[in-house]
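In: Got a predicted structure here, sequence first:
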Protein chains: 2
Amino acid sequence: MRTLTVELQDRSYPIFIGPGLLQNIRLIQPYLKGPQAILITNDTVSQWYLKPTLNALKQLDLKQVDIHIIADGEQHKTLETFEQIQSALLKKGHHRNTTLIALGGGVTGDITGFAAACYQRGVNFIQIPTTLLAQVDSSVGGKTGVNHPLGKNMIGAFHQPTCVLIDTLALRTLPQRELAAGTAEIIKYGLIYSESFFIWLEENIEKLIALDPETVTEAIEQSCAIKAEIVGQDEQEQGLRAILNLGHTFGHAIETGLGFGQWLHGEAVALGLLMACDLSERIGWLDNSIGKRLKHLLQTLTLPTTLPKNLSTEQILSLMKLDKKVLNDSIRLVLLRSLGHAVVTEDFLTDQLIKTLNTFTTPTTLSS
Amino acid sequence: MRTLTVELQDRSYPIFIGPGLLQNIRLIQPYLKGPQAILITNDTVSQWYLKPTLNALKQLDLKQVDIHIIADGEQHKTLETFEQIQSALLKKGHHRNTTLIALGGGVTGDITGFAAACYQRGVNFIQIPTTLLAQVDSSVGGKTGVNHPLGKNMIGAFHQPTCVLIDTLALRTLPQRELAAGTAEIIKYGLIYSESFFIWLEENIEKLIALDPETVTEAIEQSCAIKAEIVGQDEQEQGLRAILNLGHTFGHAIETGLGFGQWLHGEAVALGLLMACDLSERIGWLDNSIGKRLKHLLQTLTLPTTLPKNLSTEQILSLMKLDKKVLNDSIRLVLLRSLGHAVVTEDFLTDQLIKTLNTFTTPTTLSS
């Protein structure tokens, strides 16, 4: 088992990573605040992990363990689902010292964290991420929230978990498509923060897809370590933390434009990363070879490298203007100065951005 | 004009108090973060203050000022209203540096603050309270939230305003019933924290009701000063701050039991204060004369001193068990050790609590 710590003064917390950790659930005992807990999971994950998790939870010193199952999919990451969790907590008489335990992917973690942030103005929560994307990204850093029809993650809170338990064996039941989507976020860490990690990924991508245990653990640990380092320096995204959003302004626009749940978040981010590289190259910051290397990696993973036919450049551009990084109506993007070095910038022309978007639209929707 | 500061390190903020301050709106200029703002008010307050406020806002350096009007009343302090505010912000393209301005009473302030806490994971907000209750209580301290059918203020966040502007002239348009309800919270500050303030209120209650300018300003300033001192010591209610809830566990149960909007919050608190005094006397902590003096004050204000007929002791007791202060299934209450000294305690018998509740039920609902 490997243990990382996200350093955030009185909100610091550990991330435990290893195969079979669900059986080692006693690790989370010190992070429960009272005798009540509620396990929140979705109707897909529950088929595999509800029973083993409930059995494991019996090892803990809890008097009341409730279960709340939400529907699977980004389209259910809504205020309505959030309200259902609040109702479940109230109906079962949960007090301010209860603990919400998120068992599942990014959607489950984000919505559970937001429910914990708001129930009685803030209660404890613990993440047990079961998808690769959640293990390397959404379960770390305290960004919680739900989507609004007009924009992804527009309603939410910063609320840190008290610990994160990553059982890498959970990935064995993950569909190939979700595994690839999660890998997009792993590749992102190399692009923004570590050339050597990017090179390591190029060398180990086949072993990673094949879920070679040592490679998987290493990739997750490296990703969490990079994210923890960045979040530790800028918890509430006043500056540096925004680089974690490389590809995300493009990606969120794609997800919102297609309707939540059509593409996986990681798939939209994958294409977003490619767009960010293209624009970085277009403005003369980045060596042309990087985009090609990235595209090769994404193709190995069968991740998308072009936009779907029903999305136009205009649509994406107008959705990008609603991004949380926009200030005073200027689109701000995370772009690459070089491999391993990302910055937030407005230093590009709208024309250049449009050319980038056009590069990835399929011919039938060429719009300018 | 008087200025108080709520001392909360990097979240410290000023409270400006005085007659006609709406015309002095430049005071809030330093507390705007960007060029956008949205004014949130209700359909009653807007009739009086929307135009003057919009006119006043023209003095400020803002490029975009939107208006969002919510329905008046505690029954509209819901997630639905919260969601409408989020939608308005997104439709109008508000960015992360926008400012939400709450113009109205406690409901408007609580829901606006909660909307600000969650929009894009947290934006600025400013309070311009127009009711006495909001001026002395809900606009100070950062407790924001909405009600759930199963409990008052059960969904929310701690989110401090960046400044509070109290125009005491706004009270001239306030219905007598709301003025009395707000005065209940003022009396609470004397009970929990300052014997001399309680005595001052007994001596000045007629002048306060008559809205004598000097008396009103003094009462508001003293109330805000006591609240600011308590909140400054315990922002997130880990301990001391809970004493601000004297009478509120009773009061919230009454509000929830009757259905939100039947009684004003301050009316329910008024009766709750009387119940807290009764129980404090019953367990031998408090001199018998205090409850009588309090009852006399409440009667002067024509505030309720008995429960409505359709609420039974059992109902109230079961609703009290959902209170946010309940831990491990024990009801914890704020009670008085003496006049001016409140504590949170479990040191009473359920039988004593039931006797207190029975004392205030009307004969037709006597339940044990």
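Out: Alright, I've got the coordinates. Numbers count the residues shown, from 1 in each chain, chains lettered A, B, ... in the order given.
In: Kindly report the residues of chain A close to chain B.
Out: Residues of chain A found near chain B (Cβ under 8 Å from any Cβ of the partner chain) are A:34-35, A:79, A:83, A:86-87, A:90-91, A:93, A:95-97, A:117-122, A:143, A:145, A:148, A:150-151, A:153-158, A:236, A:321-322, A:324-329. C-beta: built from backbone N, CA, C; applies to glycine.
In: what's the helix or strand for A:Val140?
Out: Under the criterion of DSSP states H and E, A:Val140 resides outside all helices and strands.
In: Check the spacing between it and chain B real quick.
Out: With distances taken as Cβ to the nearest Cβ, to the nearest Å, A:Val140 is found 16 Å from chain B.
In: Go through the residues of chain A next to chain B and flag which are in strands.
Out: Judged by DSSP state E, strands contain the following of those: A:Lys143, A:Gly145, A:His148, A:Gly151, A:Asn153, A:Met154, A:Ile155, A:Gly156, A:Ala157, A:Phe158.
In: Could you find the lowest-pLDDT member of the residues you listed?
Out: For these, the model is least confident at A:Gly151; its pLDDT is 88.
In: residues contacting that one?
Out: Each residue near A:Gly151 by Cβ atoms under 8 Å, 6 or more residues apart in numbering or on different chains is listed here: A:His252, A:Thr256, A:Leu319, A:Leu322, A:Asp323, B:Leu90.
In: Domain map for chain A?
Out: With automatic domain parsing as the criterion, the domains of chain A are listed as A:2-173, A:176-365.
In: Nearest to B:Leu174 among those would be which one?
Out: Each of these was scored for nearness to B:Leu174 using Cβ to Cβ, and the closest is domain A:2-173 (28.0 Å).
In: how far does that closest one stretch from start to finish?
Out: The stretch domain A:2-173 measures 22 Å between its terminal residues, going by Cα to Cα, to the nearest Å.
In: A:Asn42 touches A:His68, doesn't it?
Out: No. Under the contact definition of Cβ atoms under 8 Å, A:Asn42 does not touch A:His68, with a separation of 10.0 Å.
In: more crowded one of these two?
Out: A:Asn42 (22 against 18; other Cβ atoms under 10 Å in any protein chain shown).
In: When you filter the residues of chain A next to chain B down to buried only, what's left?
Out: Buried residues within the residues of chain A next to chain B, defined by neighbour count using 16 or more other Cβ atoms under 10 Å in any protein chain shown: A:34-35, A:79, A:83, A:86-87, A:90, A:95-97, A:117-122, A:143, A:145, A:148, A:151, A:153-158, A:322, A:324-327.
In: Tell me which residues touch A:Ile28, please.
Out: Taking Cβ under 8 Å, 6+ apart as the definition of contact, the neighbours of A:Ile28 are A:Leu60, A:Ile101, A:Ile126, A:Cys163, A:Leu165.
In: Would you state the strands of the stretch 101-250 of chain A in chain order?
Out: Counting by DSSP state E, counting those that start in this stretch, residue ranges of the strands within the stretch 101-250 of chain A are A:124-129, A:143-148, A:151-158, A:163-167.
In: mind listing what the first one pairs with, with the direction of each?
Out: Looking at strand A:124-129 with DSSP bridges, its paired strands and their directions are strand A:99-104 (parallel), strand A:163-167 (parallel).
In: out of the strands of the stretch 101-250 of chain A, nearest to A:Ala342?
Out: Of all the strands of the stretch 101-250 of chain A, strand A:143-148 sits nearest to A:Ala342, with 17.5 Å by Cβ to Cβ.
In: how close does the residue nearest in space to the middle of chain A get to A:Ser12?
Out: The structure's chain A has its C-alpha centroid closest to A:Ser138; by Cα atoms, centre = their mean the separation is 3.4 Å. Using Cβ to Cβ, to the nearest Å, we find A:Ser138 at a distance of 19 Å from A:Ser12.
In: quick one: the residue of the stretch 201-350 of chain A found nearest chain B and A:Lys91, what's the gap?
Out: Minimum separation of the stretch 201-350 of chain A from chain B (Cβ to the nearest Cβ) falls at A:Lys324, amounting to 4.8 Å. When distance is defined by Cβ to Cβ, A:Lys324 is 34 Å away from A:Lys91.
In: So which residues of the stretch 51-200 of chain A form helices?
Out: According to DSSP state H, counting those that start in this stretch, the stretch 51-200 of chain A carries its helices in the segments A:79-91, A:106-118, A:132-133, A:176-193, A:195-209.
In: Would you reformat the ones you listed as CSV and include mean pLDDT?
Out: Formatted as CSV, the entries for these read as follows, by pLDDT from 0 to 100:
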stretch, mean pLDDT
helix A:79-91, 97
helix A:106-118, 97
helix A:132-133, 96
helix A:176-193, 97
helix A:195-209, 97
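In: now the ones you listed as a markdown table including distance to A:Leu335?
Out: Output for the helices of the stretch 51-200 of chain A, formatted as a markdown table (distance: least, Cβ to Cβ, whole Å):
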| stretch | distance to A:Leu335 |
| --- | --- |
| helix A:79-91 | 33 |
| helix A:106-118 | 24 |
| helix A:132-133 | 23 |
| helix A:176-193 | 10 |
| helix A:195-209 | 16 |
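In: do you know which of these lies nearest A:Gly247?
Out: helix A:176-193 (6.4 Å).
In: any low-confidence regions in chain A?
Out: For chain A, the stretches with pLDDT under 70 are A:328, A:363-368.
In: Specify the helix with the largest residue count in chain A.
Out: The residue-count maximum for a helix in chain A (DSSP state H) belongs to helix A:213-233.
In: For that helix, name the packing helices and strands.
Out: Using 3 or more Cβ pairs under 8 Å, 6 or more residues apart in numbering or on different chains; DSSP states H and E as the contact criterion, the elements in contact with helix A:213-233 are strand A:2-6, strand A:13-18, helix A:176-193, helix A:195-209.
In: Looking at the ones you listed, which is nearest to A:Pro308?
Out: Within the helices and strands packed on helix A:213-233, the stretch nearest A:Pro308 is helix A:176-193; the backing value is 15.3 Å (Cβ to Cβ).
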